[in-house]
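1. Only the shape, not the letters, is given here:
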């Protein structure tokens with residue numbers, strides 16, 4: 001191929017620098033000569049605050065209507081960032097690479113990460129000294145580690161790759177992750193309310209192969225909790241050579257431990273090997289975060305992949321990991337505490353009941369699963385879907401086209417009333433009820 005000359009190099013370098021600052025589009029910049037870019041715009045590169053402030057204003061405006069996805073918008077990170085700036089830590093690069101349980105010479109926040117895991121481990125029924133875990137980039141990152149760790153654990157026991165069993169209503173990441181690891185995947189149909197059909201699950205179990213079973217603790221759309229005891233009984237009857245059970249508890253794993261339903265995620269009550277939970281859903285962060293917790297027995301079956309230049313083993317799939325995420329999680333836990341999270345858990349469940357009662361009062365087709373803050377209902381007009389950022393789905397066993405609302409901490413009964421008023425307007429113009 002042709003060799004790039006200095007003029008072309010500086011044209012590209014300058015375009016990248018100025019485009020990154022947001023001054024012009026890359027296409028506009030590439031038609032300029034290097035002197036125009038480097039001596040003009042690039043030498044006086046500035047942050048386009050008008051553009052940035054307009055973006056922020058629009059996102060904040062939409063926050064009030066963000067009710068269709070499980071994200072807690074009722075957060076306040078100002079005090080954290082004030083400390084972050086005032087302490088000078090904003091000018092330091094940290095990295096939580098490696099095993100947080102092992103001492104490391106790198107600048108990291110492992111000590112805080114461990115305290116986060118140690119806070120949650122007993123809430124999920126792990127005994128003292130039994131748990132290994134990490135703060136993850138997201139719920140999917142937790143699912144990825146849960147499945148990967150499960151594969152290695154089952155291989156260590158049986159020398160076979162497992163079959164993955166999951167409901168067709170569980171989060172789509174499970175299907176992608178099974179494909180990524182080239183695993184056999186058996187997708188089990190769900191009953192109309194969203195729980196895995198346990199009889200179909202039992203028929204699908206291969207007694208000759210190890211089983212990696214994903215229990216959905218809150219399905220993505222209908223907010224259903226799989227019948228874990230019935231699934232465990234089916235596995236006992238089928239008796240595969242080994243079983244690894246992980247809970248995908250993205251949203252529900254945040255609030256259930258602080259509710260009367262905490263035994264659902266207690267491994268002393270319902271045995272499981274690992275759990276993945278999202279942080280940004282119930283707990284409320286300004287970016288995706290999560291948790292992955294498993295047993296030391298599972299952890300010790302992993303390939304440690306010792307890395308010489310780190311003088312350590314790196315058991316995680318992700319190598320570099322956010323140190324800031326662990327600090328944020330620790331900060332939120334310390335500031336809020338168990339009583340505040342119990343209050344928030346009760347609040348979102350009560351608001352969901354309020355939403356369902358309002359829909360019932362309209363004779364509008366709507367459903368709400370036990371222990372859930374997800375109300376799903378007949379899909380309204382497109383203008384409501386767009387205004388309220390609602391998620392769509394379809395199920396002919398119910399009423400065909402559906403939408404759902406997930407009642408998070410930022411949604412009050414007043415917000416529900418606003419939504420109901422819009423829905424009544426939609427019904428009057430479209431005849432949507434019934």
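-> Received, thanks. Keep in mind it's a predicted model, so treat the numbers as computed, not measured. Numbers count the residues shown, from 1 in each chain.
2. all contacts plus neighbour counts: C-alpha atoms, from now on.
-> Will do.
3. next one: phi and psi at the spatially most central residue of the chain?
-> The residue lying closest to the centre of the chain (C-alpha atoms, centre = their mean) is residue 139, at 3.2 Å. For residue 139, the backbone dihedrals (degrees, to the nearest 10) come out as phi -60, psi -40.
4. try residue 134
-> The phi/psi pair for residue 134 (degrees, to the nearest 10) is phi -160, psi 150.
5. Next one: the residue lying closest to it once chain neighbours are set aside, what pLDDT does it get?
-> Spatial nearest neighbour of residue 134, excluding adjacent residues (C-alpha to C-alpha, 6 or more residues apart in numbering): residue 292 at 5.5 Å. At residue 292, the model reports a pLDDT of 95.
6. you'd agree residue 292 is up against residue 273?
-> No. Contact criterion C-alpha atoms under 8 Å: residue 292 and residue 273 do not qualify, at 11.0 Å.
7. These two - which one has more neighbours?
-> residue 292 (25 against 21; other C-alpha atoms under 10 Å).
8. By mean pLDDT, which helix or strand of this protein comes out lowest?
-> Least confident helix or strand, the chain: helix 34-35 with a mean of 48, by mean pLDDT, DSSP states H and E.
9. So which residues of the protein form strands?
-> Using DSSP state E, the strands of the chain run over 131-136, 163-167, 184-188, 211-216, 243-248, 274-278, 290-295, 306-307, 312-313, 366-368, 374-378, 391-395, 400-406.
10. averaging pLDDT over each of these, which comes out lowest?
-> strand 306-307 (a mean of 58).
11. Next, count neighbours for residue 55.
-> 11.
12. measure it to residue 288 for me?
-> Distance check for residue 55 against residue 288: by C-alpha to C-alpha, to the nearest Å, it reads 20 Å.
13. before we move on, what about residue 262?
-> Distance from residue 262 to residue 288, by C-alpha to C-alpha: 24 Å.
14. likewise residue 253?
-> 15 Å.
15. between the two, which one's more packed in?
-> Remark: of residue 253 and residue 288, residue 253 carries more neighbours, 25 against 17, as counted by other C-alpha under 10 Å.
16. OK, contacts around the more buried one?
-> Shown in contact with residue 253 (C-alpha atoms under 8 Å, 6 or more residues apart in numbering): 217, 265, 276-278.
17. Over to residue 392?
-> Per C-alpha under 8 Å, 6+ apart, neighbours of residue 392: 379, 401-404.
18. ok, now with 7 Å
-> 402-403 (C-alpha atoms under 7 Å, 6 or more residues apart in numbering).
19. beta partners for it?
-> Beta-bridge pairing of residue 392 under DSSP bridges involves residue 403.
20. and the longest helix anywhere in the chain, which residues are buried?
-> In terms of residue count, the longest helix belonging to the chain (DSSP state H) is helix 323-361. Of all the residues in helix 323-361, those buried under the rule 16 or more other C-alpha atoms under 10 Å are 323-333, 341-342, 344-356, 358-359.
21. Report all helices and strands that that helix contacts.
-> Packing partners of helix 323-361 (3 or more C-alpha pairs under 7 Å, 6 or more residues apart in numbering; DSSP states H and E): helix 110-123, strand 366-368, strand 374-378.
22. I'd like the ones you listed laid out as CSV, including distance to residue 232 and mean neighbour count.
-> Output for these, formatted as CSV (distance: least, C-alpha to C-alpha, whole Å; neighbours: other C-alpha atoms under 10 Å):
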stretch, distance to residue 232, mean neighbour count
helix 110-123, 21, 19
strand 366-368, 25, 19
strand 374-378, 26, 25
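23. so which of these comes closest to residue 76?
-> Among the helices and strands packed on helix 323-361, the nearest to residue 76 by C-alpha to C-alpha is helix 110-123 (19.0 Å).
24. Please work out the average pLDDT along that closest one.
-> 97.
25. and the angle for it with helix 323-361?
-> If you take axes from the mean of the first three to the mean of the last three C-alpha atoms, to 10 degrees, helix 110-123 sits at 40 degrees to helix 323-361.
26. what's the angle from helix 110-123 to strand 274-278?
-> Interaxial angle of helix 110-123 relative to strand 274-278 (the same axes, to 10 degrees): 110 degrees.
27. which other helices and strands contact helix 110-123?
-> strand 131-136, helix 323-361.
28. and the angle from the last one to strand 290-295?
-> What it means is helix 323-361. Interaxial angle of helix 323-361 relative to strand 290-295 (the same axes, to 10 degrees): 100 degrees.
29. How about the first one?
-> Angle between the axes of strand 131-136 and strand 290-295 is 160 degrees (criterion: the same axes, to 10 degrees).
30. Point out the other elements, helices or strands, that strand 131-136 touches.
-> helix 110-123, strand 290-295, helix 296-299.
31. Let's have these in TSV, adding distance to residue 234.
-> TSV is the format used below for the helices and strands packed on strand 131-136 (distance: least, C-alpha to C-alpha, whole Å):
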stretch	distance to residue 234
helix 110-123	26
strand 290-295	23
helix 296-299	23
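32. can you tell which of those is closest to residue 420?
-> Nearest to residue 420 among these is strand 290-295 (32.6 Å), distances taken as C-alpha to C-alpha.
33. In its sheet, which strands sit next to that closest one, and in what direction?
-> Here, using DSSP bridges, strand 290-295 pairs with strand 131-136 (antiparallel), strand 274-278 (antiparallel).
34. To residue 89, which of the helices and strands packed on helix 110-123 lies closest?
-> Among these, the nearest to residue 89 by C-alpha to C-alpha is helix 323-361 (9.8 Å).
35. and the angle from the closest one to strand 374-378?
-> Going by the same axes, to 10 degrees, helix 323-361 makes 50 degrees with strand 374-378.
36. I'd like to check the angle between helix 323-361 and strand 400-406, please.
-> Using the same axes, to 10 degrees: helix 323-361 against strand 400-406 is 120 degrees.
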